[in-house]
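Colleague: can you look at this prediction? I've put the sequence above it.
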Amino acid sequence: EVQLVESGGGLVQAGGSLRLSCAASGFTFDDYAIGWFRQAPGKGREGVSCISPTDGSKYYTDSVKGRFTVSSDNANNMLYLQMNSLKPEDAAVYYCAASPDGDCRGYVYWGQGTQFTVSS
């Protein structure tokens, strides 16, 4: 059974930091692009970041560049998102997802999400 389980949400002050984790199981982690998405209340889902399995390339949406860092621990099938200098607009439900495409598209597996809020 494929599982993606996010954790690490909560309440953080603006300007603070938070690290989200995603535990993956049930598929060959090394063969999949793993990404982070977010959805804020009343808004559509937005791709935040991704790691490609092809060459380890990392991608970020413009609004988080320089503040967020994605990383993976392939030995333990874990994905992380280190978020610094958090802003109120970063608050959302964050999901991790897995894609067999090396270019971070076509996600087929999704987690249930973890939520955090940012107090100003």
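Modeller: On my side now, so go ahead. It should be emphasised that the depicted structure is a prediction, and the values quoted were computed from it without experimental measurement.
Colleague: the residue nearest the centre of the chain - nearest residue in space that isn't next to it in sequence?
Modeller: Against the mean C-alpha coordinate of the chain, by CA atoms, centre = their mean, the closest residue is W36 at 2.5 Å. Counting by CB to CB, 6 or more residues apart in numbering, W36 lies nearest to V48, which is 4.3 Å off, once chain neighbours are set aside. Any C-beta I mention is one placed from the backbone N, CA and C, and that applies to glycine too.
Colleague: does the one you found touch Y59 like I think?
Modeller: No. Using CB atoms under 8 Å, V48 is not in contact with Y59; the gap is 9.3 Å.
Colleague: those two: which is more packed in?
Modeller: When neighbours are counted by other CB atoms under 10 Å, V48 and Y59 differ, and V48 comes out ahead with 24 against 16.
Colleague: now name the helix or strand holding the more buried one.
Modeller: Per DSSP states H and E, V48 falls inside strand 46-51.
Colleague: residue contacts, the nearest residue to Y109 once chain neighbours are set aside?
Modeller: Distances taken as CB to CB, 6+ apart place A98 nearest to Y109, at 4.2 Å, with adjacent residues excluded. By CB atoms under 8 Å, 6 or more residues apart in numbering, A98 lies in contact with 2, 4, 24, 27, 29, 32-35, 107-109.
Colleague: just give me how far stretch 90-107 sits from the chain centre.
Modeller: 7 Å (CA atoms, centre = their mean, to the nearest Å).
Colleague: renumber starting at 13 from here on
Modeller: Will do, 13 is the new start, and the previous item becomes stretch 102-119.
Colleague: could you list the buried residues of it?
Modeller: By neighbour count on 16 or more other CB atoms under 10 Å, the buried set for stretch 102-119 is 102-111, 116, 119.
Colleague: which parts of the chain are strands?
Modeller: Ranges of strands in the chain, per DSSP state E, are 15-19, 22-25, 30-37, 45-51, 58-63, 70-72, 80-85, 90-95, 104-111, 121-122, 126-131.
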